[in-house]
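1. Got a sequence here, can you model it:
(one chain, ligands or ions: 1)
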Amino acid sequence: MSINDMLSVDISLRKGEYSSEESYLVSHLTGDKIEGLVTVRPHCDIRIDGLEVFFIGEERTTVQMGKVHRQFQNIKYDVDESGFPPMNKFKSKQRYRFKFDFEVRDHLPPEACTHAVASPVVRQAHLRPPPSFGDPTVSGLGGKLRDDYAPPTCRIVYTIQVNVLRNIPISDKKSVLMTRTLKLRVKPAIDATPPLDLMSSPNDYCLEQDHAVLDSRSKAPMGQLTVILDPPKSFCLPLRDPHSLVSSTVNMALRYETSEAHPELPQLQSFRGQLVATTFYTVTHHDDLPTKKKDFFNRPKNYSDTQFPPFSYSMASLDWVQVSHTMYETALLVPLTLPRLNFIPTFHTCLVSRIYALELRITVPGAAPFTLKAPVHIYAERDPSALPSYIAAVGFDSP
Ligand SMILES: [Zn+2]
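-> Numbers count the residues shown, from 1 in each chain. Have a look, this model is predicted:
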């Protein structure tokens, strides 16, 4: 008779105060308490000497050369065994219930990341719990399962694991009779401001470009146009409302230098853009912010890009202001709204990083197209009633 014929063990989570009809898949946020019950139902009389409940977080990555699995969190709940029957003899057809609870913490234990790092900022990022990532059974938005655009090479999974234990005779050790797991979705708060070091990475960003503007007929140069892109403000994913639109703005400065006395000032012909998510992965660890690597055939080696639907704007004519004899300036403020898709906030772990970039393509008659690329930070709002950040509260100066 197998152990499954002798015993059923179920894990159930208490529905939180924020769950509703539509959010059958609750996101557990920083500071949330995950409360649940383990129900033990023996199908015959059986001796059980212990129960263990863990809240486990793990990540997996696969590359051509192999795969790696890493546990970054393993929190144990001490089950109240005073509810055990006398002599630990669990009776057939009875139900035994044991409560447990865990808190979604704001930080991982220091032993979760001990490798060498290029800067304390990297360590700080790696010691924040990452969001659930790449597991279609727990990804969702507004109660619907949605693609979270993780490449198949990366998974970040949180589980509640229950072990049923039996004493090993003539030793003080216990063996595991049965293990049960339940996956859950964790969406930790991510800070609004990205660490500067992480934003100034060399991931082929381009914030400024200048091109000559040529006369459409004679092709003679008329002036020099410079477009400067200000990295957009961070996008904030709302705490518990999956339906509100997430917006930000992009600022651009344009400069036109010409020696012509009565110049015809450049105007925009088209303005297109798109958001690109990049997921980096490794089977060792990222000691710095990862950068894109390609193989001999120019294929991505350590990353995967996802392009979100492009958008375009029809721009009103530019309002140029003369600032000197030869120089004209103007500014553009472009609103940006995220498509209603399942965006995972920016995060970094030892094995996986998810970052975003905004790519813009601007065409001006007479000039080569301007292609600009800026880093974009997407963060997840913090519940103001949740405990303050450990890192913010005690400072963080680990090397
Ligand atoms: Zn690390």
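2. Next up, the contacts around the most centrally placed residue in the chain.
-> The chain has Pro345 as the residue nearest its centroid, 3.7 Å off, counting by C-alpha atoms, centre = their mean. With contact set as C-beta atoms under 8 Å, 6 or more residues apart in numbering, Pro345 has these partners: Pro131, Lys187, Ile190, Leu237, Arg354, Ile378, Tyr379, Ala380. Every C-beta, even on glycine, is put in place using the N, C-alpha and C of the backbone.
3. how about the residues of the stretch 101-250 of the chain that lie near the ion?
-> Residues of the stretch 101-250 of the chain lying near the ion by C-beta under 5 Å from the ion: Cys113, His126.
4. And the strands in the stretch 101-250 of the chain?
-> 154-167, 174-187, 208-214, 221-230, 235-237, 247-257 (DSSP state E, counting those that start in this stretch).
5. Now do the contacts for the residue in the stretch 151-300 of the chain that the ion sits nearest to.
-> Nearest residue of the stretch 151-300 of the chain to the ion, counting by C-beta to the ion: His285, 5.4 Å away. By C-beta under 8 Å, 6+ apart, the contact list for His285 reads His115, Cys350, Leu351.
6. Of the residues you listed - the most surrounded one?
-> Within the contacts of His285, neighbour counts (other C-beta atoms under 10 Å) peak at Cys350, which reaches 26 neighbours.
7. Just confirm it contacts Ala116, I think it does.
-> No. Counting by C-beta atoms under 8 Å, Cys350 stays clear of Ala116, with 11.4 Å between them.
8. Against the ion, how distant is the residue nearest to the centre of the chain?
-> 18 Å (C-beta to the ion, to the nearest Å).
9. and what of His107?
-> As for His107, its distance to the ion is 13 Å (criterion: C-beta to the ion).
10. Any idea how many residues pack against that residue?
-> His107: 18 neighbours (other C-beta under 10 Å).
11. returning to what we had before: next, format the contacts of Pro345 as TSV and append distance to Asp32, neighbour count and pLDDT.
-> Putting the contacts of Pro345 into TSV (distance: C-beta to C-beta, whole Å; neighbours: other C-beta atoms under 10 Å; pLDDT from 0 to 100) gives the following:
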residue	distance to Asp32	neighbour count	pLDDT
Pro131	13	23	92
Lys187	9	21	86
Ile190	15	25	77
Leu237	16	21	78
Arg354	22	27	92
Ile378	20	23	87
Tyr379	17	18	82
Ala380	13	23	80
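12. and of those, the nearest to Arg123?
-> Arg123 has its nearest neighbour among the contacts of Pro345 in Ile190, at 16.3 Å by C-beta to C-beta.
13. got the contact list for the closest one?
-> Arg128, Pro131, Pro345, Thr346, Phe347, Ile378, Tyr379, Ala380 are the contacts of Ile190 under C-beta under 8 Å, 6+ apart.
14. And for Glu81?
-> Glu81 touches Gly50, Leu51, counting by C-beta under 8 Å, 6+ apart.
15. any idea how far it lies from Val38?
-> 12 Å (C-beta to C-beta, to the nearest Å).
16. who touches both of those two?
-> Listed as contacting both Glu81 and Val38 by C-beta under 8 Å, 6+ apart are Leu51.
17. where does this protein dip in pLDDT?
-> 15-25, 139-146, 193-203, 239-244, 384-399 (pLDDT under 70).
18. Domain-wise, how is it divided?
-> Annotated domains of the chain cover 3-187, 197-381 [automatic domain parsing].
19. Work out the gap between the first one and the centre of the chain.
-> On the basis of C-alpha atoms, centre = their mean, to the nearest Å, domain 3-187 sits 20 Å off its chain's mean C-alpha point.
20. now the end-to-end length of it.
-> With C-alpha to C-alpha, to the nearest Å applied, domain 3-187 spans 35 Å between its terminal residues.
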